[in-house]
Structure formats: structure tokens, C-alpha cells
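>>> here you go, sequence then predicted model.
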There are 2 protein chains.
Amino acid sequence: MIKNEFYSQENQGPYEIYELGDFELEDGGMIPDCKLAYNTFGELNRSKDNVIVIPTWFSGTSKDMEPYIGEDRALNPKEYFIIVINQIGNGLSSSPHNSPEPIAMDNFPNVRIGDDVRAQHKLITEKYGIKEIALVVGGSMGAQQTYEWAVKYPDMVKRAAPIAGTAKNTPHDFLFTETLNEAITSDPGWNGGDYRSHTEVADGLKRHANIWAVLGLCTEFYQQEKWRLFGVNSVEEFTNGFLQPLFQGMDPNALLTMAWKWQRGDVSRNTNGNLEEALGSIKAKVFVMPIDEDMFFPVKDCEAEQKLIPSSELKVIKSLCGHFGLFGGEGADYHNQIDHYLKELLEVPVNAEACGK
Amino acid sequence: MIKNEFYSQENQGPYEIYELGDFELEDGGMIPDCKLAYNTFGELNRSKDNVIVIPTWFSGTSKDMEPYIGEDRALNPKEYFIIVINQIGNGLSSSPHNSPEPIAMDNFPNVRIGDDVRAQHKLITEKYGIKEIALVVGGSMGAQQTYEWAVKYPDMVKRAAPIAGTAKNTPHDFLFTETLNEAITSDPGWNGGDYRSHTEVADGLKRHANIWAVLGLCTEFYQQEKWRLFGVNSVEEFTNGFLQPLFQGMDPNALLTMAWKWQRGDVSRNTNGNLEEALGSIKAKVFVMPIDEDMFFPVKDCEAEQKLIPSSELKVIKSLCGHFGLFGGEGADYHNQIDHYLKELLEVPVNAEACGK
């Protein structure tokens, strides 16, 4: 196990740990004493029907979702019991660097989106006895998990809002993610995943960050100097002073574990590869919410999937930050759009629509 | 000097060499006995006013432009004298791997787009006595040189058609190109530019190719399996069997020389940084021709520049191959669009419009 302050309670907390026990994985293998890190906001009501589940994005943690939650927001803890659950491998839940042998570091098994959702299902049913989820909402890999929730547990999930992500990963995204991986694994310091400290992979993590600087944003972000939204005064400060240190603080194997999962996200694994059948089986009311300037989850891809979901609508978010619009750098301009659509979605009476009409 | 068969007459020829002599560079330094490799099609007419100049794109050579030229095309050698000129550093013209000391390999100086255009101007004026160019047309870095031609020699260039490129490189493109560079320079085999064979940098060139696979194409290219246009039967065959070997055959320092130049392409260097003034000074009739699915020279960026050019029109090329539409993989679907617009442009009577009205 490797110590990495980035994932500490001081930096990412407060978060709680749920012990899943030995957790079998879709691709074979098992995580002994699997741990899910999560955080909750608000109170579970007596009928246990005020639940909102939020899975996390690539490289993200429960902490990243806090700006989405507040008494002035759609995700209102005075009204809802909100559970933000860290995906396996993200550095807080069971991950390569924080797991003991025999699954430490390069021995950490392959985990799939479906594993995450089954683990999250165990947490909320076993610990809280929850049988109904008012809303699952997540961005990017959080959107992948959101779709997986809606397909795997169609009677349980009443509403779903995948933001800037797809139900089935595209071949283009697979290749993009591969370049992120190669930036890390090409660093001799990575050493096949068997490094002593993430700082030994600083060069690879820097290159990883630099690829994000291209695909994570968009041309207009830089043309209009929107990096100023992140409190910096130049492109160099944005890349060298913000993005690079951010990713350099993270664990390389954690990023690779999440990336492997992201590349293979596909709800049609539940229906023998039939995407139409998988998305057609969703009973939730779904708002598909791509970001207009997203370079790798373009609106077109998200819209094609939305059309396969019976009770769904396309709600395009405008953001000159592209995919990193998710970070909320645009403040109210971004969050007001998210809140507007999520409020509208939460007001939809779902039980009448649960048959998919 | 390093032998690299990729750049041989057998693979890239026939091409001729023009000896520029000692060629001073914008950024200081000099290329002694600078050589321009070029190829011509058709005959120069008596009034020397049937000239078309075609500069080359990043990693490209004069050979790559051959599909654009033909008796059934706008670029018709029965009508025009067509000169395709390889940019400095592309592996055919003076480049790191084919230059002797003191400018061999890692000692090769920085070259700018402006240097290329001055060198090309010397070739066509000194060797052929040409005073008027009917059309300059080029794609990507060829578009950068096309813009530079129109700004540097406004009375000489009658028409210009920059395809899938910009007059001033965008900050986003700079960052994209940096990831291409880092893929190469992070390879220990690159050795600061002092390798013995390009094969020692095979890993870096592979990663370089893999980044091209993401940004060079687009999501729809892969969704619709358009890689079949390149005669392959799977994504893996397209990346591992086509793109990777293609770039692995090239010289790493050549790619880095071109990339440095690409990153800093900017016609406003001619007007003390005033882009409006530079583009406003163009007297040529200009068709700005971005590709609709281009991920890094998006239509928006090209259109913003087009609006600053007095006698110009925006002509958007449709291609699901994105930027690599330039390779013409879509055959007639692509080339017919190019020909249609170039024929229209070549029919515009320019002398009446040369005042910019």
C-alpha cells in the first residue's frame, strides 16, 4: 500500500467507508474486503423514496460533486437523501494503491462499470434498505454508471440524468483513453505498475494532463481565454500550474483502473450486446444531457442513444469549457442549466410513466 | 546524416531539388546549401500566368498531393503549371536527418512558415521567372503556407485556397501539437534528437500515431466504420496496421521540426501582431475551406479568419474523415467537393478584384 495524501480525509473528506466483503467481479477475480467510499447529504425519509445517487467521474471523487449539491440547487439535501459514491479504483474506494496483497498495485483486477453499480446497489440496499431511487445523476464516467443503473435496475431507478457521457463507449473514445493510458505507461517510472510512489511517474502524469488540456476543453475555451475561469492568468498557468499538478497528485494505477473501465463501458453487456434492447428496457424518465462543446462525448453520440430510450429527452448543456464544463468553472452559467433540467426532471411524476409511456 | 528509405525517390519521387544556397532564417541561424524538393506538373505558358503553387502538410510530401492533380481535376496539368513544394524539414527538403553538420539532427535550426514561403518564392522567381501565381492551395500546414503567401506577396498571389488550416495557429492547436511532440520526445530512444536510426524511436512514433488516430479523425469516422475507406477491416488494423507503421517510417526530428513551425504559424508576424491588418491586406480572391468534422481546425476558427479577408468566401468541405479527409480516403465524395470549389475559384476574374473590392 502506498501513501498518497491526495486521497486523504483532509483533502477529500469527509467520507465514510462501506465494507462490501469479498466482491466478485464480472471479468473474474475478486476484491477481498472491498471498500466503497461514499458521502451523504440530507436525511432518508420514512418512505425511503427521496434518494438521489451520484456516482463519480474519471479521476474524480465525492468531493468533486459537492458544488452540485446545496439548498439552492436541484440536488437539495433538505429535500433529498443524496449519496455520492466513489467508483472502485478512484483512490478512495478500493483501489490499486490502497489495497493489500494479493490485489495491490499491478495485481489489482479489472473492474467494470457493472461491478461499480452492483457494489453501489449493495451499499444502498444493505445499509439503508432503499428500494427506490428518485434520481441517479452523474457526469462522464458517472454518466456511464447512471445508464448502467437504469438498465440493471429498471424498476428501482425512477429518473436518470447522464451528463456528458454515453451508455456504450464509442470506438473514438476508446482510442482517446488509450492515449491517456500510454502517457502514463510509457514513463519508465511507472515500472509496469510497480512504482514506490506516484511521484516516480510525474512525467507520465504530466503528459496525461497535457492530453486532457486538449480533449477535455475545446478550441473556443482557449480562443476566449476561458481559463481565466479557473483563476489563472495564462494558458501556461492553466496547464503547468493547474492541470499538471492536479493529475500529478493522483495515483497512476488508479487512473489506469478507471480508464480500463471507461473504455469498456457498455450497457448492452446486460442484453447480449443488443444496445437497442438495453436502452429500450429503461423504465426511468431520462434526461440525456451532453455538453455542446464536448470533444469526446459529442451531442451527436449522446442523441443517438437518447433516441433508443423510451421515456427520454435530450437536454443540451452549453459550456465553452467543453467536457470540463463538469468542473463547474463557469459557475452559475453552468450550474443554473444543470439545476434547471434536474428540477424539471425531479418534478416529472414517474410512477405513471414507469411503464415507459 | 541518416538513411531513411521513406524519403527516397523510390517512395516519394520523382522529385527535383532546387539549391537555395545559404538560407537565412527568421529566428536567426541559417541553413547552409538549403535544398527545396519539389515536383512539377504541366507546362509554364509563355505569359507565365498559369502557375499553381501547392505547399505540403505536416508529415506530408509532394507525393501526397498527386491525387489532387489530374486532367479531370481543377488542378489540371494540361491547363496549369503546378509546382508542389515540400516544406523545409519534411524529410525531402533540407531536414534534420538529411543535413550535414553543423545543422544535422538536434542541431537543425528552428524554421518558420515565413521561411518556407520565402524559400518557395525564391524557387519560383529565380528558377522560373514567375511573377504571378494563379492559385496557391494547400491543406493543414499547407493552408498555413497558403495564407502566408497571400499576406507576404499580395500582388503576386491572385487566388488562394487554404484547406483545413488557419492563418494564425490557435492556442488549442498549440497544445494538441505539443502532445504529438511529447509522444516522441518522451521516448528514451529519441535521445534528445541524437538517435542513430528512426527505428530507435519506434515507441514514441507509435504513440504519436495513436494521438493522430484520435484528433486526426472524428467520432463519426469510427462510429460509421469509415476506416474501411482505407482498405482495412477493423479499428485495430487502421491504427496498428496503417497509422502506426506510416508514422514509424518517418523521421522523428523531421516531425518535430514541422510541429515547431506549425505551432507558431501566424501571418500577423508580418504586421506586428495585428491579424486584422495582415488578413485585411490580402489582395487575392480567397476561398477558405475548412472540413466540417475537423477536430482541431474547426469551421468556427476558420470562419473567424475568413471574415477578416476582403475578397473571400467560406466553403465548407464535408468529410466524416475529419482532418484526415485531406488524405482523400473518401475518393470522389471528397475530391469532387474540392474540385468544385477550386474550379469556381479559378474561374473568378481576379485582376478586376485585385484591389480587394
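Received, thanks.

>>> dihedrals phi and psi, residue A:163?
phi -110, psi 130 (degrees, to the nearest 10).

>>> which residues touch it?
Contacts of residue A:163 were listed using C-beta atoms under 8 Å, 6 or more residues apart in numbering or on different chains, and they are A:137, A:138, A:139, A:140, A:142, A:143, A:289, A:290, A:291, A:317, A:326, A:338. All C-beta atoms are positioned from the backbone trio N, CA, C, and that covers glycine.

>>> where does it land on pLDDT?
For residue A:163, the model assigns a pLDDT of 98.

>>> can you check residue A:1 too?
According to the prediction, residue A:1 has pLDDT 89.

>>> contacting residues around residue A:239?
For residue A:239, the set of contacting residues under the criterion of C-beta under 8 Å, 6+ apart consists of A:209, A:210, A:213, B:175.

>>> hmm, which two among those residues are most spread apart?
The most widely separated members of those are A:209 and B:175, with 10.7 Å between them, by C-beta to C-beta.

>>> mind checking which of the contacts of residue A:239 are in strands?
Secondary-structure check on the contacts of residue A:239 using DSSP state E: no residue lies within strands.

>>> got the residues of the stretch 51-200 of chain A near chain B?
For the stretch 51-200 of chain A, the contact set with chain B under C-beta under 8 Å from any C-beta of the partner chain comprises A:170-176, A:178-179, A:182-183, A:186-188.

>>> who wins on neighbours among these?
Most neighbours among those, by other C-beta atoms under 10 Å in any protein chain shown: residue A:183, with 30 neighbours.

>>> surely that residue and residue A:207 touch.
Yes - the pair residue A:183 and residue A:207 qualifies as a contact (C-beta atoms under 8 Å) at a distance of 3.8 Å.

>>> what sits in contact with each of these two?
Contact with both residue A:183 and residue A:207 is made by residues residue B:182, according to C-beta under 8 Å, 6+ apart.

>>> ok, residue A:325 - contacts?
Applying C-beta under 8 Å, 6+ apart, the residues near residue A:325 are A:164, A:291, A:293, A:294, A:317, A:319, A:334.

>>> and if we set it to 10 Å?
Contacts for residue A:325 were tallied using C-beta atoms under 10 Å, 6 or more residues apart in numbering or on different chains; they are A:139, A:163-164, A:216-218, A:221, A:226, A:291-294, A:317-319, A:333-334, A:337-338.

>>> go on, residue A:246?
Applying C-beta under 10 Å, 6+ apart to residue A:246 gives the contacts A:6, A:59, A:205, A:209, A:212.

>>> residues contacting the last one?
By C-beta under 10 Å, 6+ apart, the contact list for residue A:212 reads A:58-59, A:180, A:183, A:239, A:243-244, A:246-247, A:323-324, B:175, B:179.

>>> any chance of those in CSV, plus pLDDT, distance to residue B:67 and secondary structure?
As requested, the contacts of residue A:212 are exported to CSV (pLDDT from 0 to 100; distance: C-beta to C-beta, whole Å; DSSP: H, G, I helix; E, B strand; the rest coil):
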residue, pLDDT, distance to residue B:67, secondary structure
A:58, 98, 40, coil
A:59, 98, 42, coil
A:180, 98, 34, helix
A:183, 98, 34, helix
A:239, 98, 37, helix
A:243, 97, 40, helix
A:244, 98, 41, helix
A:246, 97, 44, helix
A:247, 98, 41, helix
A:323, 97, 35, helix
A:324, 96, 38, helix
B:175, 98, 31, helix
B:179, 98, 29, helix
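
>>> what's the most distant pair in those residues?
A:58 and B:175 (19.4 Å).

>>> phi, psi for the nearest residue to residue A:123 once chain neighbours are set aside please.
Distance criterion C-beta to C-beta, 6 or more residues apart in numbering or on different chains; nearest residue to residue A:123, sequence neighbours excluded, is residue A:18 at 4.8 Å. Residue A:18 has phi and psi values of phi -110, psi 130 when expressed as degrees, to the nearest 10.

>>> just the buried residues of the contacts of residue A:325.
For those, a burial check counting by 16 or more other C-beta atoms under 10 Å in any protein chain shown picks out A:139, A:163-164, A:216-218, A:221, A:226, A:291, A:293-294, A:317, A:319, A:334, A:337-338.

>>> quick check, nearest of the residues you listed to residue B:232?
Here the nearest of these to residue B:232, counting by C-beta to C-beta, is residue A:294; it sits at 27.8 Å.

>>> show me what the residue nearest to residue A:123 is bridged to.
Legend: beta-bridge partners of residue A:18 under DSSP bridges are residue A:36.

>>> thought it was touching residue A:92?
No - under the contact definition of C-beta atoms under 10 Å, residue A:18 does not touch residue A:92, with a separation of 11.6 Å.

>>> when those two are compared, which one has more neighbours?
Counting neighbours by other C-beta under 10 Å for residue A:18 and for residue A:92 shows that residue A:92 has the greater number, 29 against 19.
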